[in-house]
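>>> Any chance you could fold what I've pasted below:
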Amino acid sequence: MSIGRSVSRSRSRSGWAPWLFLAPALLVFTWFKFIPMVKGLVMSVHKVNFGGADTYVGWHNFERVLGDAALRDAAGRTLLYVVVTVLLSASIALLLAQALQGTARHMRFIRTAMFLPAVTSAAVAAEIWRILYAPTPDGVVNTVIGLVGIGPQGFWADPSQALAALVGMHVWKHVPYDTVIFVAGLAGINSELYDAAAVDGANAWQRFTSVTLPGLAPAVTVICTLGFIRGFRVFTEVYATTGGGPAGSTEVVMTQIYKQGFQELDYGFAAAASTLLFLVTAALTAVYLAWRRRR
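Below is the predicted model:
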C-alpha cells in the first residue's frame with residue numbers, strides 16, 4: 001500500500017511540475033498577448049469613444065475595412081511582398097546551406113558570423129539600410145554601382161524602387177535564419193541515399209531533386225510558414241525606413257492599421273483590420289500546412 005501511495009504521489013508531482021515551470025511564461029503571454037487580443041476583438045465591434053462609453057456597431061467596422069480602397073491596395077502590396085521575400089529568402093538560404101555544409105572549424109565560424117543579421121533588431125537593420133540605400137550620389141550602394149557605370153538610383157525616394165529596397169533588406173536579415181534551418185535539415189539526410197543514387201548513375205542535379213529536396217521537406221515547411229507570418233506582419237522595417245512612402249508605394253497592411261489606430265484614432269477600424277489580418281494569415285498558413293501534409 002505504501003508503495004502504491006508513493007507511486008501515486010510521484011505521478012501527481014510529475015503531472016503539475018511542468019506547469020509550474022511554464023507558469024511564468026504563460027503569465028507573460030496571457031498579459032501581453034492573449035488579453036490584448038481579446039480586447040482587440042471587443043474593440044473591433046465597437047466605436048471607441050474617448051472619455052465615454054464605447055458604442056456597439058456590430059459588423060460595421062469590418063464592412064468599412066473591406067470597402068477601404070487604400071487598405072485593399074496595401075493588402076495586395078503585402079501579398080506581393082510575402083511571395084517575393086519567401087521565395088528569395090528560401091532560395092538563397094538553400095544555396096548558402098549547400099555551400100556551408102561540413103564540420104570544419106572555419107565553416108562553423110562562417111555560419112556563426114553569417115547569423116549576425118538575424119539577431120540584429122529590425123530598427124537597427126532599418127537604419128543600416130537607410131544609410132546603404134541613401135539616394136544621393138555619394139551613398140554607399142550608389143558609389144558601388146557607380147564603379148560599373150550605373151548612375152545614382154533613388155531607392156527609398158523612388159516610388160518604383162522603394163518596395164524592392166525593402167525586399168532586399170528583408171532578405172538580408174532573414175536569409176541567415178533560414179540558412180541555419182536548411183543546414184540542420186541537410187545534416188539529417190542519410191548520406192547512404194546519396195551513395196545509392198550515385199551507384200544508380202544519378203548526376204548532381206538528379207541527386208539534388210531526388211534526395212536533397214525530399215529530405216528538406218520539413219525544413220521547407222518551417223521556413224515558408226515563418227516567412228508567411230513575418231511577411232504579413234511586417235511593420236518596423238517599413239515604418240523605420242519609408243513610413244509607407246514615397247507616394248504610398250510601400251504602404252502595407254500593418255502601416256495602414258497603425259495610421260488608422262494611432263494617427264486617425266479610429267481604434268474600431270484598426271482592431272477590425274487587425275482581426276481580419278490575423279484570420280487571413282492563419283487561414284493561409286493552415287492551407288499551406290495541409291497541402292504540405294498531403295504532399
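>>> contacts, neighbours, all on C-alpha from now
Will do.
>>> Helix or strand next in line after the helix or strand harbouring Met107, which one?
Assessed by DSSP states H and E, Met107 sits inside helix 105-114. Moving toward the C-terminus from helix 105-114, the next helix or strand (DSSP H and E) is helix 116-119.
>>> Name the residues that touch that following helix?
Residues outside helix 116-119 that contact it (C-alpha atoms under 8 Å, 6 or more residues apart in numbering): 125, 172-177.
>>> returning to that earlier point: buried residues of the helix holding Met107, list them for me.
Using 16 or more other C-alpha atoms under 10 Å as the test for burial, helix 105-114 gives Arg111.
>>> Strands along the chain, start to end?
With strands called from DSSP state E, the chain shows them at 46-47, 55-56.
>>> From the contact counts, what lies against the last one?
Translated: strand 55-56. On a contact count with 3 or more C-alpha pairs under 8 Å, 6 or more residues apart in numbering; DSSP states H and E, strand 55-56 meets strand 46-47.
>>> The strand it packs on pairs with which strands?
The sheet places strand 46-47 alongside strand 55-56 (antiparallel), with pairing taken from DSSP bridges.
>>> and the partner strand, average pLDDT?
Strand 55-56 shows a mean pLDDT of 84.
>>> Equivalent analysis for stretch 245-262, please.
90.
>>> mind listing what's buried in it?
245-246, 249-261.
>>> Give me the below-cutoff pLDDT ranges for the stretch 101-250 of the chain.
Where the stretch 101-250 of the chain drops to pLDDT under 70, the residues are 102-104.
>>> Could I get the full set of helices for it?
For the stretch 101-250 of the chain, the helices defined by DSSP state H, counting those that start in this stretch cover 105-114, 116-119, 122-132, 140-146, 162-187, 191-199, 204-207, 213-215, 217-232, 236-241.
>>> Out of the strands of the chain, which is closest to Gly67?
strand 46-47 (17.2 Å; C-alpha to C-alpha).
>>> To what extent is Gly151 buried, counted in neighbours?
By the criterion of other C-alpha atoms under 10 Å, Gly151 has 12 neighbours.
>>> Surely it is in contact with Asn142?
Yes - here Gly151 reaches Asn142: they are 7.4 Å apart, a contact under C-alpha atoms under 8 Å.
>>> that older thread, in a markdown table: the contacts of helix 116-119, plus neighbour count.
Shown next, in a markdown table, are the contacts of helix 116-119 (neighbours: other C-alpha atoms under 10 Å):
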| residue | neighbour count |
| --- | --- |
| Ala125 | 21 |
| Trp172 | 17 |
| Lys173 | 22 |
| His174 | 22 |
| Val175 | 26 |
| Pro176 | 25 |
| Tyr177 | 20 |
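>>> one step back: what residues does the helix holding Met107 touch?
Outside helix 105-114, the residues within contact range by C-alpha under 8 Å, 6+ apart are 100-101, 176, 180.
>>> ditto for stretch 128-135
Looking at what lies outside stretch 128-135 - C-alpha under 8 Å, 6+ apart - the contacts are 139-142, 152-157, 165, 169, 241.
>>> Show me which of the buried residues of stretch 245-262 is closest to Asp68.
Nearest member of the buried residues of stretch 245-262 to Asp68, counting by C-alpha to C-alpha, is Gln256, at 10.6 Å.
>>> quick one: the nearest residue to that closest one once chain neighbours are set aside and Ala270, what's the gap?
The spatially closest residue to Gln256, leaving aside those adjacent along the chain, is Leu71, at 6.6 Å (C-alpha to C-alpha, 6 or more residues apart in numbering). For Leu71, the distance to Ala270 equals 11 Å [C-alpha to C-alpha, to the nearest Å].
>>> now do Thr120
29 Å.
>>> Counting neighbours around each, name which of these two comes out higher.
Neighbours per residue (other C-alpha under 10 Å) separate Thr120 from Ala270, with Ala270 holding more: 26 against 12.
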